[in-house]
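Visitor: Sequence and predicted structure, then a few things I'm wondering about:
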Amino acid sequence: MTLESYFARVDQPPREVIVIEDGPAEKPAFLEDFIWRQRSLKWMSNGERRGQIFSIDRAYREVNTEFIMHCEDDWLFERGAGEFVRESKAILGEYPEILQVSLRGDTGWHPLVKVPRFPFLIATPYWRGVWGGIAFNPGLRRVSDYKKLGTYGAHVSFGQTGLQHEEALSRLLLDAGYRIADLGRAICVHIGGGRSRAVEKLPPLPKILIAVPTCWTFDYEEKWEHRGNPEYGKDMHVSGPNEQTQAVRETWGQDIAPFQEHVTLKFFYGKPPGGYPRAQLPDEVFLDCPDSYGSLPLKTVGVCDYVVGNGYRYVAKFDTDSAVYIDKLLMEIMENKFDYAGFRHSEVASGGPGYLLSDHACQIVSTHGRTPRHWAEDVHVSRVLADAGIQPLMLPGHKSGMSAHFFFPQGFDPSKLTDDIVTMHALFPKDLRAWHAYTKSRELVAA
């Protein structure tokens, strides 16, 4: 009903329609009709309930146009709607502080007010303390504003019920200077009163460990030292102070905060020859294995032991010179079914940009991986899992520097950042900090 009424009233038909079902439902039969095939419709299903924010983020990731007409499935578009898409585009084109254009008019959904600098009504800012910054009611919005946020989930997590996430986002965007415009007439009406699933309890999110094997000081041993490496043009794997762990803590390690109820970051150290130099910090795990580069396979087994012993469903393993978009990583985990995944090179999920293991895969590595099969821990893991018939799922969003090794071989370069990146490798600490500062500087600016 919602789609039919929209296409009957819209003045500029959309280039593509993305329909996402938050649950295990099959694609409705009517969407196979000829008329819907002509409307470039893409059907998506989460497979199980993941909540509104996860569903929106997943659907928005598929958008490749300048604007999104957001609408849920319990709305009816009215006769006499007029050129509401053209009017909305005109407002968004001229007023960067307008985040979206509401189509509800003065129907009691929100008090509307006239502000001198706008030739239209806006939703009263800070109504009831939080409202007026964003609403998930039907209306046009810019893709560029959404990209400034990264994803909605990066700020309010996934799995919340009711209006908690919408309230938090509204306040966040109000504080950044955004407002909601309204066309001043009822173009659509809500027909879903009393039937919302927003208050229904969602299934628990998977318990996820983000594991970063690290060391007290770099000790690559002679056969792994590369000074003035002719292939890469700079020193690699040079023993000495380890500044990378703190760089992770200060950058993408901070981005786990919105997800801390079900995501944990731990740094895994080995034991140096003189013993552990201090007490273990809350985000650390001390392993009873050597701390050298050659012991990475044993550290990885220790990570898998920790997963099995502490009830994690998945582990994402990264190097200390990796960069990670946490919200994109979690969406990747939640929308895929896998035991082993990463950037697949031959039969190996590359360790640099990180790989993912299920609890089942960790149990296999924990049980059968105690004798190193290769000096490279990612190859070791791949061989242990291959013996159990498990091959890696390809995750193209995990990016390596390839032949240059370093993702930013000439220093941080924002032109190399693309929307499909989930992780990157390798980055020097200064480039990791520059990337993270750049990412944060693009957020929440109504301009």
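Guide: Structure's in. What do you need?
Visitor: which of the residues in stretch 297-309 are buried?
Guide: For stretch 297-309, the neighbour count (16 or more other CB atoms under 10 Å) marks 297-308 as buried. From N, CA and C alone the C-beta is placed, and that goes for glycine too.
Visitor: pLDDT, secondary structure and distance to residue 217 added to those, as a markdown table?
Guide: Below are those laid out as a markdown table (pLDDT from 0 to 100; DSSP: H, G, I helix; E, B strand; the rest coil; distance: CB to CB, whole Å):
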| residue | pLDDT | secondary structure | distance to residue 217 |
| --- | --- | --- | --- |
| 297 | 95 | helix | 20 |
| 298 | 95 | helix | 18 |
| 299 | 95 | helix | 15 |
| 300 | 96 | helix | 20 |
| 301 | 97 | helix | 22 |
| 302 | 97 | helix | 19 |
| 303 | 98 | helix | 20 |
| 304 | 98 | helix | 25 |
| 305 | 98 | helix | 24 |
| 306 | 98 | helix | 23 |
| 307 | 98 | helix | 26 |
| 308 | 97 | helix | 29 |
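Visitor: okay if I get those residues as CSV plus distance to residue 157?
Guide: Converted to CSV, those look like this (distance: CB to CB, whole Å):
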residue, distance to residue 157
297, 34
298, 34
299, 29
300, 28
301, 31
302, 29
303, 24
304, 26
305, 28
306, 23
307, 21
308, 26
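Visitor: Closest one of those to residue 10?
Guide: residue 307 (49.5 Å; CB to CB).
Visitor: Skipping adjacent residues, who's closest to the closest one in space?
Guide: Here the nearest residue to residue 307 in space, its sequence neighbours aside, is residue 362; by CB to CB, 6 or more residues apart in numbering that works out to 4.2 Å.
Visitor: Kindly report the same for residue 365.
Guide: Leaving aside its chain neighbours, residue 365 sits nearest to residue 304 (4.3 Å; criterion: CB to CB, 6+ apart).
Visitor: Phi first, then psi, for residue 43.
Guide: phi -100, psi 130 (degrees, to the nearest 10).
Visitor: distance of it from residue 21?
Guide: 8 Å (CB to CB, to the nearest Å).
Visitor: coming back round to it: the residue nearest to residue 307: neighbour count?
Guide: Close neighbours of residue 362, defined as other CB atoms under 10 Å, add up to 28.
Visitor: was I right about it contacting residue 309?
Guide: No: in this structure, residue 362 is not within contact of residue 309 by CB atoms under 8 Å, at 9.8 Å.
Visitor: Mind listing the shared neighbours of the two?
Guide: Counting by CB atoms under 8 Å, 6 or more residues apart in numbering, no residue touches both residue 362 and residue 309.
Visitor: helix, strand or coil for residue 383?
Guide: helix (DSSP: H, G, I helix; E, B strand; the rest coil).
Visitor: neighbours of it, just the number please.
Guide: 16.
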